[in-house]
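**Q** Would you be able to build a 3D model of this:
(2 chains)
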Amino acid sequence: MSVWLRTLALHMLLLALAVFGVWAQLTYRVPGGRVFVILPLVGVALACVSLSLLVNHAVWGRWTDDRWRRVFARFELGSGALILAFFTYGLFLTFNAGFDVSRPMEYPSEIKSFGGGKVDVGFTISYWWANVRSWRKPGTVEPMILTDWERWNLWGGEPVVIRVREGFFHVPWIAGVQKDEVEWSRRVLRQMPRAAWIWKGLAEHYYKRRQWPEMVAASTEYFRLYPNDTDLAKQFSAPLYNIGHWKEAVELLEPLAVRVGDAGIYSLYGFALTRVGRKPEGLKWLEKSYALDPDDWWTPAALAYAHYADRDCQSAMPWIARSLALRPTNPEVEDELNHCRAG
Amino acid sequence: MPESIRGVWARVAIAAALLFVIGFALHRLSELDRQFIAPSWAGARGLAQYLLRDYRGAASGYRQHLRDAIAIQGGLPDPGLDALIRGDLQAAKQWAGRHLAAAPRSVSALLTLGAVAVEERRSQEALEILHRFLEVEPDQFDALLLSATVYARSQDDGGAIDAVNRALRHDRVQSRVTTFLTALQTMGELSALPRSEQPLCLLAQYHRYLRIFDAGQARVALRYAELAIERGDHVADAYLVKGVMIYWDRRRPEEALSAFLKAVTADPRHAEAFRWAARTYGDQGELAQEYRLLRAAQEAAPDDPYYVFAVDHVLVDKLGDFLEATELYRRLLARKPGEASVLRRLGYVSGFLGDEAQVLYAYQRAAEATPTDAELYEEMGDSLARIRRYDQAINAYRRSIELDATRPGAHFGLGEEYFAKRRYAEALAEYERGLALGGGGLGRLCNLCQMYNLNSAFDRAARCFDAVLAQDPDDLDTFRRRNDNLKDMKIRGGRP
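**A** From the prediction side, this is the model:
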């Protein structure tokens, strides 16, 4: 009984180690051609061998013939050693990815074809790979393991972006394969140029990647179709304000300011103008905004700041007071006021 | 006793075979929905007969299981369904008759009466009742599936195939287990016919339906579809079934698309085949093709609102081509003036285009047609806000909340309008109500954080911004707002 229990424990442990090794290879994928696509399958085969040996122990117990006992003992030892090697490799991959703090590099590629399959044995076991245009050796195709999500969301012939990270031990690993949003959007827009959401998606893509000139260009197309989305214009102008990209902010807001009667847009546009050396023009837009919506605390605050930035406290003070009257709990403006008072 | 080499190989082979059999059994069982596993002898018999493809026997086994289970439970809350399961058709008919006398459009009673007529094989009456029911609830799954049985028994394969097609175009299933058992029994009856008389395409359709509960049925449906194509039995529909089965397998989308395109070649008015082809293109990100094929589907079935909304979904929700959408709705309104659902969509897209007059006209007319629709008022509020009719938007949201206070969207909309009017305390309250009702998303949560800030609750705002950034660390706008809040906190010394 104790021999059987020991065997059971040993094989279950080996099975778990093999499963971990396979999981690590499927999760922290290493680009490197066909070998790295086949390796997890070897791991699965080893897990199956371990399971078969366990079934053999369970059904027939020990071999009675010494010769076969020796052969199978060696076989068990060999497969166990291979599983341990697989496990160690899986552990290495896990640490390589787990401790990796590098930023992912993005490589444009294209899916040529898929391979693999899935099987249900009470739970689903799936294994997929794609043949993609190599980003390392142009003109060649290389296979790459895919996750379930990637398999179901990507299509043959689809332009993709492969995100590769450097790895803690400098072994590059694939952090993800995604649809190439830019290429896809451009394709759709070539056929349906009035598709506002696609322009918006493209602008948002650039926004998330902090590609400000591209974001402004895509947004301009979007706002041309849909000038009413002032909320998005305000959202997009926020980071430009934050990092002082005033020229892009002016470019983004200018067409909207001309077309849409929105006090918020006027004030944002006006303030951005004051920061690109067009202060008199900017002040006019800010005042226009204030006339349209005199209850907004931000416009007087912006007017105050436009003057305060030139150390013109005298012109700034009334606007600071006006802003604080509209929003008494505004520490930043209060701070500005205190500085002005202190001279 | 020493083992021979043959004995060793026998052991290895038996171990491998054992693993394979266990794997196969697990695989087959994992394909089945839980509803097939009934804990009784009758249920086990049903399952065994189902696995052996004796569907009539399976239906009978499961019916017996249900009868026994209900007898133990002491009955079901729906007396019509209870009588149907017990097989007491007279009691079911009497209950439905009494119920319909009090409420002539009662869906439960109509469905019970229809099911009784189907069981009693009174085809004409069954169809009349089920059509009455479908007028109350268009495309209702149970009614369509029961109609399919009636058509199948009358050897009107085309009618049955259409009914199953209509049922399956929605992502839902029957509401009553009895409907499922009737379909299973119908399949059994059709399968029991001599091979040359079997309606192959209809059987393929039925197996397509069964695939919802048993993934293994996809293989059978595919085989019947191929046989139907060979025999020339409803070729377009057979290609459709073939395509759908390949589509759901998800390994060969190109093959699925090719089957759908063959279906529309065989029948250029087959709206459902156009829709599936469009769906396949849509999955691949080919939105222009998706739109073109959905337009073809809509033109093939111009009176079916289902395809209008399929086109609308791509045009408005996926592409955002509002000008094209406006043209479409104008054409539809010219065919059916005053159609509330189309008016709503016209109002919605006009809001994006900033066409104030059209927004007001469309929603006004839609509200006259459906004055108690809370969703309509919420949508109206959104569109009015979009064209900067803020006071009217507030009124629309309030009306929506009056009609149904559990809609988070109306609370958020109202909160945003209060926010725009700088009524921060009220905005915060509405936002909190919206989130408590289960609405949300990161954008809304970020707005809530901003409202805490504007209500001088800097501490809560800080925690809130941190929570948002924990979920999306790349959100620059939230990051900036969080920094502004920290600056406010610092200047205030952490005190509001």
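
**Q** Can you name the residues that contact residue 272?
**A** All of this is about chain A. For A:A272, the contact set (Cβ atoms under 8 Å, 6 or more residues apart in numbering or on different chains) comprises A:237, A:240-241, A:246, A:249-250, A:253, A:282. (Each C-beta comes from the backbone N, C-alpha and C, glycine too.)

**Q** actually it's chain B I care about, not the one you picked
**A** B:165, B:169, B:240, B:297.

**Q** wait, which of the contacts of A:A272 is closest to B:S196?
**A** Nearest to B:S196 among those is A:S237, at 72.7 Å by Cβ to Cβ.

**Q** what helix or strand does that closest one sit in?
**A** For A:S237, the element it lies in under DSSP states H and E is helix A:230-242.

**Q** Can you tell me which helices and strands that helix packs against?
**A** helix A:196-208, helix A:212-225, helix A:246-259, helix A:263-275, helix B:476-492 (3 or more Cβ pairs under 8 Å, 6 or more residues apart in numbering or on different chains; DSSP states H and E).

**Q** near chain A, which residues of the stretch 101-250 of chain B?
**A** By Cβ under 8 Å from any Cβ of the partner chain, the residues of the stretch 101-250 of chain B that approach chain A are B:215, B:250.

**Q** And for residue 213, nearest residue in space, chain neighbours not counted?
**A** Went with chain A since none was named. A:E248 (6.5 Å; Cβ to Cβ, 6 or more residues apart in numbering or on different chains).

**Q** actually chain B
**A** Once flanking residues are discounted, B:F213 sits nearest to B:D33: 3.9 Å by Cβ to Cβ, 6+ apart.

**Q** check contacts around the one you found.
**A** B:212-214.

**Q** In terms of pLDDT, where does it sit?
**A** At B:D33, the model reports a pLDDT of 89.

**Q** ok, now A:V161?
**A** Confidence score, pLDDT, at A:V161: 93.

**Q** How much space separates it from chain B?
**A** Per Cβ to the nearest Cβ, to the nearest Å, A:V161 is found 14 Å from chain B.

**Q** Okay, and that residue sits in which element?
**A** Per DSSP H and E, the secondary structure element for A:V161 is strand A:159-165.

**Q** Report all helices and strands that that strand contacts.
**A** By 3+ Cβ pairs under 8 Å, 6+ apart, strand A:159-165 packs against strand A:105-120, strand A:173-179, helix A:181-191.

**Q** Pairing partners for that strand, with directions?
**A** Take DSSP bridges as the rule and strand A:159-165 pairs in its sheet with strand A:105-120 (antiparallel), strand A:173-179 (antiparallel).

**Q** quick one: B:R251 is in a strand?
**A** No. Under the criterion used here (DSSP: H, G, I helix; E, B strand; the rest coil), B:R251 is coil, not part of a strand.

**Q** mind listing what it touches?
**A** By Cβ under 8 Å, 6+ apart, the neighbours of B:R251 are A:114, A:117.

**Q** Kindly report the same for A:T274.
**A** A:T274 neighbours (Cβ under 8 Å, 6+ apart): A:282-283, A:286, A:306, A:309.

**Q** Most widely separated two among those residues?
**A** Across the contacts of A:T274 (Cβ to Cβ), the longest gap, 12.8 Å, separates A:L286 and A:A309.

**Q** which helices and strands does the helix or strand hosting B:I72 pack with?
**A** If you go by DSSP H and E, B:I72 is part of helix B:55-73. Counting contacts by 3+ Cβ pairs under 8 Å, 6+ apart, helix B:55-73 packs against helix B:41-51, helix B:79-86, helix B:177-191.

**Q** Lowest average pLDDT across these?
**A** Across the helices and strands packed on helix B:55-73, helix B:79-86 gives the lowest mean pLDDT, at a mean of 90.

**Q** Make sure B:T478 is actually in contact with B:V468.
**A** Yes. The pair B:T478 and B:V468 qualifies as a contact (Cβ atoms under 8 Å) at a distance of 5.0 Å.

**Q** what touches both of these two?
**A** By Cβ under 8 Å, 6+ apart, the residues touching both B:T478 and B:V468 are B:446, B:449.

**Q** Confirm for me that the residue nearest to A:P213 is in contact with A:W212.
**A** Yes. With contact defined as Cβ under 8 Å, A:E248 reaches A:W212; the gap is 4.8 Å.

**Q** Return every residue with contacts to both of those two.
**A** With Cβ under 8 Å, 6+ apart as the test, A:E248 and A:W212 both reach A:L240.

**Q** For the residue most central in space within chain B, which three-state class applies?
**A** Computing the C-alpha centroid of chain B and ranking residues by Cα atoms, centre = their mean puts B:D171 first, at 2.9 Å. Following three-state DSSP, the label given to B:D171 is coil.

**Q** Which pLDDT value does the model give it?
**A** Model confidence at B:D171 (pLDDT) stands at 86.

**Q** what's the answer for B:G494, then?
**A** 51.

**Q** pLDDT below threshold where in chain B?
**A** B:1-6, B:8, B:493-496 (pLDDT under 70).

**Q** Please see if the lengthiest helix in it touches chain A.
**A** Across chain B, the longest stretch assigned as helix under DSSP state H is helix B:5-31. Yes. Against chain A, helix B:5-31 shows contacts by Cβ under 8 Å from any Cβ at B:8, B:11-12, B:14-16, B:18-19, B:23, B:26-27, B:29-31.

**Q** tell me how far that helix is from the chain's mean position?
**A** With Cα atoms, centre = their mean, to the nearest Å as the basis, helix B:5-31 stands 40 Å off its chain's centre.

**Q** Now do it against strand A:105-120, angle only.
**A** 100 degrees (axes from the mean of the first three to the mean of the last three Cα atoms, to 10 degrees).

**Q** Would you mark the buried spots in helix B:5-31?
**A** Neighbour counts using 16 or more other Cβ atoms under 10 Å in any protein chain shown place B:8, B:11, B:15, B:27, B:29, B:31 of helix B:5-31 among the buried residues.
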